[in-house]
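**Q** sequence first, then the predicted structure:
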Amino acid sequence: MAHERKPHPDDLMTTGEAARALGLSSDMVRLLERGGRLPAQRTTNGLRLFRREDVEKLAAERAGTARSDGSRLALPSNRSRSPRSGAGRGK
C-alpha cells in the first residue's frame with residue numbers, strides 16, 4: 001500500500017504546476033511573479049519555484065475566498081492531479 005504524503009505549505013511548485021493550480025497560463029504566472037504578486041525562488045539555472053502556500057494564498061484571493069481566520073483554499077496534491085481534458089480547445 002502506497003503512502004501518499006500530505007501537501008506541506010513549503011512544498012515547491014514549478015511554473016506549470018502553479019499555473020494549473022491557479023487556472024492560468026504559465027506566461028501569466030511569470031507575469032505575476034515579475035509584478036511581485038507571486039513570490040518565486042530561483043534555482044541556479046534560473047528555474048522559478050513557487051511555495052505552495054503562496055500559490056494557495058493567491059488562489060484564495062482570486063476566488064475571493066480569503067478568510068479572516070487565515071485559512072485558505074487547499075490545492076490538490078501534485079500526485080492526485082488528474083489529466084486535463086482537451087475538450088473545448090480550438091485546433
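**A** The structure has been received and is ready for your questions. Residues are numbered from 1 along each chain as shown.

**Q** switch to C-alpha atoms for all contacts and neighbour counts from now on
**A** Fine.

**Q** the biggest helix by length in the chain packs against which elements?
**A** Using DSSP state H, we find that the single longest helix of the chain is helix 52-63. Counting contacts by 3 or more C-alpha pairs under 8 Å, 6 or more residues apart in numbering; DSSP states H and E, helix 52-63 packs against helix 15-22.

**Q** in the helix it packs on, which residues are buried?
**A** Using 16 or more other C-alpha atoms under 10 Å as the test for burial, helix 15-22 gives 15-19, 21-22.

**Q** returning to that earlier point: any idea of the mean pLDDT for the longest helix of the chain?
**A** Helix 52-63 shows a mean pLDDT of 92.

**Q** please identify the buried residues of it?
**A** Residues of helix 52-63 classed as buried: 52-60 (neighbour count, 16+ other C-alpha under 10 Å).

**Q** what comes into contact with stretch 37-54?
**A** With contacts defined as C-alpha atoms under 8 Å, 6 or more residues apart in numbering, stretch 37-54 is touched by 8-15, 18, 29, 32-33, 55, 58.

**Q** can you list these in CSV and add distance to Ala40?
**A** Formatted as CSV, the contacts of stretch 37-54 follow (distance: C-alpha to C-alpha, whole Å):
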residue, distance to Ala40
His8, 17
Pro9, 14
Asp10, 12
Asp11, 12
Leu12, 9
Met13, 10
Thr14, 10
Thr15, 9
Ala18, 11
Val29, 10
Leu32, 10
Glu33, 7
Val55, 10
Leu58, 13
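
**Q** which among the residues you listed end up buried?
**A** 12-15, 18, 29, 33, 55, 58.

**Q** just list the residues touching Thr15, thanks.
**A** Here Thr15 is in contact with 26, 29-30, 48-50 (C-alpha under 8 Å, 6+ apart).

**Q** from these, pick the one nearest Gly64.
**A** The shortest approach to Gly64 among the contacts of Thr15 belongs to Val29, at 18.2 Å (C-alpha to C-alpha).

**Q** that closest one contacts Arg20, doesn't it?
**A** No: Val29 is not in contact with Arg20 according to C-alpha atoms under 8 Å; the separation is 9.8 Å.
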